[in-house]
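Trainee: Below are the sequence and a predicted model for it; my questions follow.
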Amino acid sequence: MTYTADNIRSIRHALGLTQVGFAARLGVSPTIVSRWECGIYLPGSQSKARIEALLAIEQDKAEHVADIQRHQPPAP
């Protein structure tokens, strides 16, 4: 995936995270996230791997929730 300032911001928004929350999940400072989103810096290889891992975890969670909802009996 290409990580541009807009992509990083879109990923963070899609995850429902603030810059502080996103930074905490990735193990970086909120200042770094702000600089990524302003296009001052782009994530390095380690940060890219962490973003991809975070996206994979969130995707797995979403699929698990969808599976649970599909298999719940209808409410009486």
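Mentor: Structure's in. What do you need?
Trainee: in the helix or strand where residue 61 lies, what's buried?
Mentor: Using DSSP states H and E, residue 61 maps to helix 45-71. Within helix 45-71, the residues scored as buried using 16 or more other C-beta atoms under 10 Å are 47, 50-51, 54, 58. Any C-beta I mention is one placed from the backbone N, CA and C, and that applies to glycine too.
Trainee: pLDDT added to those residues, as CSV?
Mentor: Output for those, formatted as CSV (pLDDT from 0 to 100):
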residue, pLDDT
47, 95
50, 94
51, 94
54, 91
58, 84
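Trainee: can you list these in a markdown table and add distance to residue 41?
Mentor: Formatted as a markdown table, those follow (distance: C-beta to C-beta, whole Å):
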| residue | distance to residue 41 |
| --- | --- |
| 47 | 10 |
| 50 | 15 |
| 51 | 14 |
| 54 | 18 |
| 58 | 23 |
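Trainee: and of those residues, the nearest to residue 39?
Mentor: Nearest to residue 39 out of these is residue 47 (C-beta to C-beta; 14.9 Å).
Trainee: That closest one contacts residue 28, correct?
Mentor: Yes. Using C-beta atoms under 8 Å, residue 47 is in contact with residue 28, at 6.3 Å.
Trainee: Could you check how many residues crowd around residue 23?
Mentor: 19 (other C-beta atoms under 10 Å).
Trainee: in this structure, which ranges drop under the pLDDT threshold?
Mentor: When residues are selected by pLDDT under 70, those of the chain lie in 64-69, 71-76.
Trainee: Does anything pack onto the helix holding residue 61? Which helices or strands?
Mentor: Applying 3 or more C-beta pairs under 8 Å, 6 or more residues apart in numbering; DSSP states H and E, we find helix 45-71 packed against helix 5-14, helix 19-26.
Trainee: Same question for the following helix or strand past the last one: list its buried residues.
Mentor: In other words, helix 19-26. Next helix or strand after helix 19-26 toward the C-terminus (DSSP H and E): helix 30-38. Neighbour-count burial for helix 30-38, counted by 16+ other C-beta under 10 Å, picks out 32-33, 35-37.
Trainee: Any idea how far helix 30-38 is from the middle of the chain?
Mentor: How far helix 30-38 lies from its chain's middle: 14 Å, per C-alpha atoms, centre = their mean, to the nearest Å.
Trainee: With that, I have no additional questions.
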